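# got a sequence here, can you build the structure:
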Amino acid sequence: MTMIVQQLVNGITQGGLYALLAISYALVYGVMGMVNFSTGSIYMLGAVGGWLICHFFIESFFLSVAVGFCVGFAVAFILEKLAFRSIRGASRISSLICTIGFSQLINELVALTFGKATKGMPSFFSRELFSIAGVHINLLQVVLVLTVVVILIALQILVYKTRMGLAIRTVSMDNKAAGLMGINVDQTISVAFSLAGACAAIAGLAGCVYYRSVSAYMGWTPGIKAFSAAVFGGLSSMPGAILGGYLMGIIENFGVQIFSTGYRDVISFFVMIVFLLVRPQGLMGKKKITKV
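Predicted structure coming up:
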């Protein structure tokens, strides 16, 4: 029983990182109908931005989060303006290849600039907060969970309670109709894309603090796992993407406990394959009906 509760705690902590990445996929897919596989690279850039602050300036978790947000927002904004706007409406295979290409480009540029070696991240909030019946919870886990929850709640309020959120939801339903209604479609897509990048970068910062390591290629595996989580919960649903992220983290940790750490990545991909075969729209996604 103790081990079950401990893995549940670990799964919720890790699931929060997947949820932030999954909602990044859901935002871009919602407004552009495109899967952005450069999300993992923006995850890595957020981690690198936090590492630079801690290494050259001051070791501050919350300042690193703020820097991660700015880095992710700025990089996503530039990518959308310079590259992804031109492929809007292109075939899905074209957009897929383009996003993978940009992901590889970003990874290699960071590797050339900062090196390929894995770098250590300072330890934040390392003391144990409390232990109950053999279940250990440290302060870092609590801080990460609360940080992710606050960001997810703020994002939900933005999307569902503000005029910009209304514009994002309208564009996600029908961008042509949204334009006819007076909504600036280009600006709305740019904001949504930038917010998605900010979420991915904060997830990367949280991930490098949690695992205490940073590298140029750290974003690929979490990015694919988060895509699996988004598919699991429903790529077309923001609440579904969040649910999928948390469930993926919990399932992965329980799977590691049952099998071994060598199966950690296999579990995520197995879940994605099963849901693509059985329920392609995910747990909370809606099945699209095409009228002819």
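
# the strands in the stretch 1-150 of the chain, which residues?
Taking DSSP state E, counting those that start in this stretch, the strands of the stretch 1-150 of the chain run over residues 119-120, 128-132, 135-138.

# list the strands paired with the second one, with their directions.
Which is strand 128-132. Paired strands of strand 128-132, with direction, are strand 135-138 (antiparallel) (DSSP bridges).

# buried set for the partner strand?
Neighbour-count burial for strand 135-138, counted by 16 or more other Cβ atoms under 10 Å, picks out 135, 137, 138. For the C-beta atoms, the positions are set from N, CA and C on the backbone; glycine is no exception.

# so the second one bridges to which residues?
Each beta-bridge partner of residue 137 is listed here, defined by DSSP bridges: residue 130.

# that one and residue 131 touch, don't they?
Yes: when contacts are counted by Cβ atoms under 8 Å, residue 137 is listed as touching residue 131 (7.3 Å).

# shaky segments in the stretch 151-292 of the chain?
Per-residue confidence of the stretch 151-292 of the chain (counting by pLDDT under 70) places the weak regions at 285-292.

# at the geometric centre of the chain, which residue do we find?
Taking Cα atoms, centre = their mean, the centroid of the chain lies closest to residue 21, which sits 0.8 Å from it.

# from residue 271, how far off is that residue?
According to Cβ to Cβ, to the nearest Å, residue 21 stands 15 Å off from residue 271.

# what's the helix or strand for the closest residue to residue 21 other than its chain neighbours?
What sits nearest to residue 21 in space, not counting adjacent residues and going by Cβ to Cβ, 6 or more residues apart in numbering, is residue 226, at 3.2 Å. Under the criterion DSSP states H and E, the helix or strand holding residue 226 is helix 220-233.

# correct me if wrong: residue 223 contacts residue 43.
Yes: counting by Cβ under 8 Å, residue 43 is a contact partner of residue 223 at 6.0 Å.

# just to revisit the earlier point, pretty sure the residue nearest to residue 21 is touching residue 26, no?
No: when contacts are counted by Cβ under 8 Å, residue 226 is not listed as touching residue 26 (10.0 Å).

# could you point out the longest helix in this structure?
In the chain, with assignment by DSSP state H, the single longest helix is helix 2-32.

# what's it packed up against?
For helix 2-32, the helices and strands in contact under the criterion 3 or more Cβ pairs under 8 Å, 6 or more residues apart in numbering; DSSP states H and E are helix 39-56, strand 135-138, helix 139-161, helix 163-173, helix 185-211, helix 220-233, helix 238-258.

# is it possible to get JSON lines of the ones you listed that adds distance to residue 99?
As requested, the helices and strands packed on helix 2-32 are exported to JSON lines (distance: least, Cβ to Cβ, whole Å):
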{"stretch": "helix 39-56", "distance to residue 99": "8"}
{"stretch": "strand 135-138", "distance to residue 99": "36"}
{"stretch": "helix 139-161", "distance to residue 99": "22"}
{"stretch": "helix 163-173", "distance to residue 99": "18"}
{"stretch": "helix 185-211", "distance to residue 99": "12"}
{"stretch": "helix 220-233", "distance to residue 99": "10"}
{"stretch": "helix 238-258", "distance to residue 99": "17"}
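
# and the ones you listed: which comes nearest residue 110?
Using Cβ to Cβ as the measure, helix 39-56 is the one of those that comes nearest residue 110, at 6.1 Å.

# what mean pLDDT does the closest one get?
The average of the pLDDT scores along helix 39-56 is 90.

# quick one: buried residues of it?
Within helix 39-56, the residues that qualify as buried are 39-51, 53-54, counting by 16+ other Cβ under 10 Å.

# do stretch 270-285 as well
Of the residues in stretch 270-285, those buried under the neighbour-count criterion (16+ other Cβ under 10 Å) are 271, 272, 275, 281, 282, 283, 284, 285.

# show me what contacts the second one?
Contacts for residue 272 were tallied using Cβ atoms under 8 Å, 6 or more residues apart in numbering; they are 227, 228, 231, 232.

# let's see it at 7 Å
With Cβ atoms under 7 Å, 6 or more residues apart in numbering as the criterion, the residues that contact residue 272 are 228, 231, 232.

# so which strand or helix has it?
Under the criterion DSSP H and E, the helix or strand holding residue 272 is helix 264-278.

# count the neighbours of residue 256 for me.
Per other Cβ atoms under 10 Å, the neighbour tally for residue 256 reads 17.

# what about it, distance to residue 215?
22 Å.

# do the same with residue 224
When distance is defined by Cβ to Cβ, residue 224 is 16 Å away from residue 215.
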